[in-house]
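Student: need a 3D model of the sequence below.
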Amino acid sequence: MQCAPSLRNRCIKLTLKSSKDYNSAAMLEILTRKLTSAFDKLGRKGKLSEGDIDEALREVKLALLEADVNFKVVRELLARIKKRALGAEVLQSLTPAQQVIKIVNEELIDLLGKEHSHLLPANHPPSTILMVGLQGSGKTTTAIKLASLLKREGQSPLLVAADIRRPAAVEQLTLLAEQQSIPVYSEAKAQPGDGKITPTIICQRALARAKELASTWVIVDTQGRMHIDEVLMAELSDMKSALEPAETLLAVDSMTGQEAVKIAQEFHDRIGLTGLILTKMDGDARGGAALSIRFISGVPIKFMGTGEKASDLDPFYPDRLASRILGMGDALSLIEKAQKTFDQQQAKILEKKMRTTGFDLEDLLSQIRQVHKMGALSQLTEMVPGLSRTSIPSSNDEGERKLRKIEAIISSTTYEERRNPSIINGSRRRRIARGSGTTPQDINQMLNQFYQLQKLTKSLTRGKLPKNMMNMLAANKNQSR
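Tutor: Purely as a prediction, here's the structure:
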């Protein structure tokens, strides 16, 4: 079934919208909270007994099962943790609780695959990536994200629209690729059931085009089905035999829980996978697929989709995810995001300004917009070591709303007011409130928080922390309620 021309744009909008229909709550947040709670109880004890460890592991077991981790994985993981936790390195340690957390962290890393798995290029370019997956798994948008990531790394990707079955699939891929200035090869006259033009033929012609363009990578967006069937597998097997891809990557929806594990296992058994891409990792699923899929399928996870933007595809690092699950943060990923997003020259200008004339509302607005470019606030806060253990509200929507409100307020001020907030009197507050859809009380709250932040930045530029820093943070938190 094809979309009529008059309905084509609507079809594209519907397929694009599918990637936005999930909640942006932080995946694995509940698991992190429960695990840290269990380990905090251990931390209150001095020496640990076998009973203490058993009690903590029972809570870990319940937390993992509730997070939809495969029961075989839970059983294997806990057996390994318990064997090591009852050893001399823990029971005779001066910091037994920390030793247990260290063991759990190491076993989670081992479960997730130990080392970062890279894309492996072919001996002679172009290297081909065969993207496979079921309909609705985010395969097409993931192909765009992967091409965008390769382009940022200095590669020359070519996308291939080999899905001629799904309505508007070619148009969707072409539209998204145009937004990222990435070339696409497609056959305009290809139709489902057309014996003359098959997906395999399209791919073979695309490879010839890739050589003309000197493309280094060719990413093939294949056809999907609503479920695994013989026709789908036969088609993918034919394409793989003809193309001999360097990578065969499965885009699997992490929100489907244990079903994702079964899908990965079957695809690997039938066509042979070289890697997995977990999509919708910023969704509200319990996240057990991330902990189960590598262990059950034996296929390495290579990337995670963490949002809707073309830039929201991150390389998968087992050690970093394990640290985030245990509430230990992921400083390396946070630094990498900041380096990609923040303009180094602008950062130097801001630093110099903070040391001389000070931090103003214009600077605050600029920083808020930079933070938005880095991703969802929930993803950033869980990367900060220790922050997930604090009493800072974990409502992602609430944090995003506060930032948007501050951005709206500052955007409604004049240039003079941004440079010199002290001139904002009662009448100016009322005008700003009308322009930003807020209240004068909101303006007062924002200004009070800004002045506290201004004091903090001045102290930090002098290499000092203010004595009342915790009181300042507490005041800001109470005002934000």
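Student: ok, which stretches of the chain are strands?
Tutor: With DSSP state E as the criterion, the chain has strands at 127-132, 157-161, 184-185, 217-221, 247-253, 275-279, 301-305, 313-315.
Student: any chance of JSON lines for the ones you listed, columns distance to A38, mean neighbour count and mean pLDDT?
Tutor: Where you see a C-beta, it was placed from the backbone N, CA and C, and this is true even at glycine. Listed next are these as JSON lines, based on distance: least, CB to CB, whole Å; neighbours: other CB atoms under 10 Å; pLDDT from 0 to 100:
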{"stretch": "strand 127-132", "distance to A38": "38", "mean neighbour count": "25", "mean pLDDT": "96"}
{"stretch": "strand 157-161", "distance to A38": "44", "mean neighbour count": "28", "mean pLDDT": "95"}
{"stretch": "strand 184-185", "distance to A38": "49", "mean neighbour count": "20", "mean pLDDT": "95"}
{"stretch": "strand 217-221", "distance to A38": "42", "mean neighbour count": "28", "mean pLDDT": "96"}
{"stretch": "strand 247-253", "distance to A38": "29", "mean neighbour count": "26", "mean pLDDT": "94"}
{"stretch": "strand 275-279", "distance to A38": "25", "mean neighbour count": "26", "mean pLDDT": "92"}
{"stretch": "strand 301-305", "distance to A38": "25", "mean neighbour count": "23", "mean pLDDT": "92"}
{"stretch": "strand 313-315", "distance to A38": "28", "mean neighbour count": "20", "mean pLDDT": "90"}
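Student: any chance of JSON lines for the ones you listed, columns distance to K196?
Tutor: Putting those into JSON lines (distance: least, CB to CB, whole Å) gives the following:
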{"stretch": "strand 127-132", "distance to K196": "22"}
{"stretch": "strand 157-161", "distance to K196": "17"}
{"stretch": "strand 184-185", "distance to K196": "17"}
{"stretch": "strand 217-221", "distance to K196": "19"}
{"stretch": "strand 247-253", "distance to K196": "26"}
{"stretch": "strand 275-279", "distance to K196": "32"}
{"stretch": "strand 301-305", "distance to K196": "35"}
{"stretch": "strand 313-315", "distance to K196": "35"}
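Student: for P96, which of these is the nearest?
Tutor: strand 301-305 (31.8 Å; CB to CB).
Student: who does that closest one pair up with?
Tutor: Strand 301-305 has the following strand partners under DSSP bridges: strand 275-279 (parallel), strand 313-315 (antiparallel).
Student: can I get those in JSON lines with distance to E59?
Tutor: JSON lines is the format used below for these (distance: least, CB to CB, whole Å):
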{"stretch": "strand 275-279", "distance to E59": "26"}
{"stretch": "strand 313-315", "distance to E59": "30"}
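Student: name the helix or strand of this protein that has the lowest mean pLDDT.
Tutor: helix 5-17 (a mean of 40; mean pLDDT, DSSP states H and E).
Student: so who does I277 touch?
Tutor: Counting by CB atoms under 8 Å, 6 or more residues apart in numbering, I277 touches T142, L146, L249, L250, A251, V252, I301, K302, F303, M304, G305, L313.
Student: with adjacent residues omitted, what lies nearest to it?
Tutor: What sits nearest to I277 in space, not counting adjacent residues and going by CB to CB, 6 or more residues apart in numbering, is F303, at 4.5 Å.
Student: can you give me the distance of that neighbour to S215?
Tutor: The gap separating F303 from S215 is 20 Å, by CB to CB, to the nearest Å.
Student: where do the helices sit along the stretch 251-400 of the chain?
Tutor: Here the stretch 251-400 of the chain has its helices, by DSSP state H, counting those that start in this stretch, at 258-271, 288-297, 318-325, 331-341, 344-355, 361-374, 377-381, 396-411.
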